[in-house]
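Peer 1: 3D, please:
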Amino acid sequence: MNSSDHSSRWRAALAGFLIVVVLGVLFAVGYLPRRERMRGLVRAAEQDQAAIPQVMVGQATRSPASTDLMLPGNITPITEALIQARASGYVKRRLVDIGDHVSKGQLMAEIEAPELDQQVRQAEAGLQQAKSTLSGARHNLRQAEANLKLAKVTAERWRVLVAKGVVSRQEADQKDADYERQQASVEAAQAAVRVAEDNIHSSEANLRRLMELHAFTKIAAPFAGIVTARNVDIGSLVSPGGGQPLFRVAQIGTLRIMVDVPQSSAPFIRIGQRAEVTLQELGGRKFEGHVSRTANALDAATRTLPAEVQVANPDGVLLPNMYSQVRLFQVAAAPSVLIPGDALVVRADGTQVAVVASNRVHFQKVEVGRDYGAFTEIRAGLNGDEYVATSPGDDVKEGAEVRPVLVKREAPPEDATPRPAKRR
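Peer 2: Reported below is the predicted structural model:
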């Protein structure tokens, strides 16, 4: 290799090095200040962005004019009777137990009442004695009437003899006195007969009372149903009003469910309105029913309307005292607005919500209705298309600029059950 080639390569390397140095200087002079300016702009933008508070908002919605109303209810028999003892004694026989189906008039138990049996026998003897007394009184009456007839004839004869001068006037007066005494005897015998008849009536009434009471020694079912309780067994001592009932019988072919309708829906409940009963234990099986009656007055403590729903139970699946859910269909309601439950702000001057419009906050007074938990009903103050701040903090002030972030929430179902109203 000659010296000229070596010199050319050296100059080429030096030129390349100088070009790299120049490019580095240009990069340092142009790009780095620009990058720093960009970073400054980003920091400024972030600072400006951080200066405006971020607010979570939810959209208000309007409720439908007619909804299904779901209410809790307790199932009770359509007819239920507590079978008490009317006669004192010991249980001689028990023919039914809990869970047994009984027909109307079916014998359920029998009470042995020896004292009552003795009273019945005494009453029967007293009646026979009263009848014998009446027989004697009637015999005495007939005898007194015969004596009266003879005394009357005798007195009339003596009056004729006195007129003829055969006997003295004194003797005729004596016969007239005998006639009057016989009249008094007849009246006394008639009174004795009436007393004896009254004694018979009294004895018969007493005997009927004891016989009717004795009939209560046989305990019979008052109607067809099922025995839901049995509190006695053979040998148990029972007495009228003596604590627990002997049996409890209920009709479960048709059951009734009492529900409490909120005041806002009370005016729209109608007799015959369709209802549906469901139980979680039965896998959501539905039972058709209807509103049979209402109290036509609200409960003063809860401001709810007691209503009765009747449902057929032909297969006996529903049992008394079960907890159920009752759906009332097509319950009309005044249109209202629903907002998230955590959007309410309670202040000294009333309940308000923070309405966010054009990234500005405005506190609007509202009238609160029913509480659905996650949602709250607003009766007045909102149109239904506003965005309201949820869980507003201290940064949410009147007129403040905010950055709204929409949080979508599912609207409450049509059969949502409102929480019980707070007593005021």
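Peer 1: so which helix or strand takes in the residue lying closest to Val238 once chain neighbours are set aside?
Peer 2: Using Cβ to Cβ, 6 or more residues apart in numbering and skipping residues adjacent in sequence, the residue nearest Val238 is Ala85, 4.0 Å away. (Each C-beta comes from the backbone N, C-alpha and C, glycine too.) Using DSSP states H and E, Ala85 sits within no helix or strand.
Peer 1: Check which helices and strands the helix or strand harbouring Asp178 sits against.
Peer 2: Using DSSP H and E, Asp178 sits within helix 169-215. With contacts defined as 3 or more Cβ pairs under 8 Å, 6 or more residues apart in numbering; DSSP states H and E, helix 169-215 has these neighbours: helix 114-164.
Peer 1: For the helix it packs on, name the packing helices and strands.
Peer 2: strand 89-94, helix 169-215.
Peer 1: Specify the angle between the last one and helix 114-164 in degrees.
Peer 2: Here helix 169-215 points in a direction 160 degrees away from that of helix 114-164 (axes from the mean of the first three to the mean of the last three Cα atoms, to 10 degrees).
Peer 1: I'd like the next helix or strand past helix 169-215.
Peer 2: strand 218-220.
Peer 1: got the buried residues for that next one?
Peer 2: For strand 218-220, a neighbour-count test (16 or more other Cβ atoms under 10 Å) marks Ile219 as buried.
Peer 1: likewise stretch 76-96?
Peer 2: Within stretch 76-96, the residues scored as buried using 16+ other Cβ under 10 Å are 76-79, 81, 83-89, 91, 94, 96.
Peer 1: Surely Gln330 and Ser265 touch.
Peer 2: No - with contacts counted by Cβ atoms under 8 Å, Gln330 stays clear of Ser265, the gap being 11.2 Å.
Peer 1: Looking at those two, which one has more neighbours?
Peer 2: For Gln330 versus Ser265, the count of surrounding residues by other Cβ atoms under 10 Å is larger for Ser265: 20 against 12.
Peer 1: Disregarding residues adjacent in the polypeptide, which is nearest to the more buried one?
Peer 2: Using Cβ to Cβ, 6+ apart and skipping residues adjacent in sequence, the residue nearest Ser265 is Val331, 5.1 Å away.
Peer 1: Would it be right to say that the one you found lies in a strand?
Peer 2: Yes - under DSSP: H, G, I helix; E, B strand; the rest coil, Val331 falls within a strand.
Peer 1: Who does it form a beta bridge with?
Peer 2: Beta-bridge partners for Val331, by DSSP bridges, are Thr67.
Peer 1: Can you name the residues that contact it?
Peer 2: Counting by Cβ atoms under 8 Å, 6 or more residues apart in numbering, Val331 touches Ser66, Thr67, Asp68, Leu69, Ser265, Phe268, Ile269, Gln273.
Peer 1: Most neighbours of all these, which one?
Peer 2: Highest neighbour count within the contacts of Val331: Leu69, with 24 neighbours (other Cβ under 10 Å).
Peer 1: helix or strand for the residue positioned nearest the centre of the chain, which one?
Peer 2: Per Cα atoms, centre = their mean, the C-alpha nearest to the average position across the chain is that of Met258, at 3.3 Å. Element membership of Met258, judged by DSSP H and E, is strand 247-262.
Peer 1: Name the nearest of the buried residues of stretch 76-96 relative to Met56.
Peer 2: Among the buried residues of stretch 76-96, Thr76 lies closest to Met56 (Cβ to Cβ), at 46.4 Å.
Peer 1: Render the CA-only coordinates of the helix or strand the closest one falls within in PDB, please.
Peer 2: Assessed by DSSP H and E, Thr76 sits inside strand 66-83. The C-alpha coordinates for strand 66-83 follow below in PDB (Å, rounded to 0.1, in the frame of the first residue of the first chain):
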ATOM      1  CA  SER A  66     -97.700   2.000  35.600                       C
ATOM      2  CA  THR A  67     -95.500  -0.700  37.200                       C
ATOM      3  CA  ASP A  68     -95.800  -4.100  38.900                       C
ATOM      4  CA  LEU A  69     -95.500  -3.800  42.700                       C
ATOM      5  CA  MET A  70     -93.600  -6.500  44.600                       C
ATOM      6  CA  LEU A  71     -94.400  -6.700  48.300                       C
ATOM      7  CA  PRO A  72     -93.600  -9.200  51.100                       C
ATOM      8  CA  GLY A  73     -96.500 -11.100  52.700                       C
ATOM      9  CA  ASN A  74     -97.400 -13.700  55.200                       C
ATOM     10  CA  ILE A  75     -99.600 -16.700  54.200                       C
ATOM     11  CA  THR A  76    -102.500 -17.400  56.600                       C
ATOM     12  CA  PRO A  77    -105.500 -19.700  56.400                       C
ATOM     13  CA  ILE A  78    -108.700 -18.300  55.000                       C
ATOM     14  CA  THR A  79    -110.500 -19.800  58.000                       C
ATOM     15  CA  GLU A  80    -108.900 -21.000  61.300                       C
ATOM     16  CA  ALA A  81    -110.600 -22.100  64.500                       C
ATOM     17  CA  LEU A  82    -109.200 -22.900  68.000                       C
ATOM     18  CA  ILE A  83    -111.200 -25.800  69.500                       C
END
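Peer 1: Can you report phi and psi for Glu288?
Peer 2: Per-residue torsions, Glu288: phi -80, psi 140 (degrees, to the nearest 10).
Peer 1: and it, bridged to which residues?
Peer 2: Bridge pairing for Glu288 - DSSP bridges - gives Glu276.
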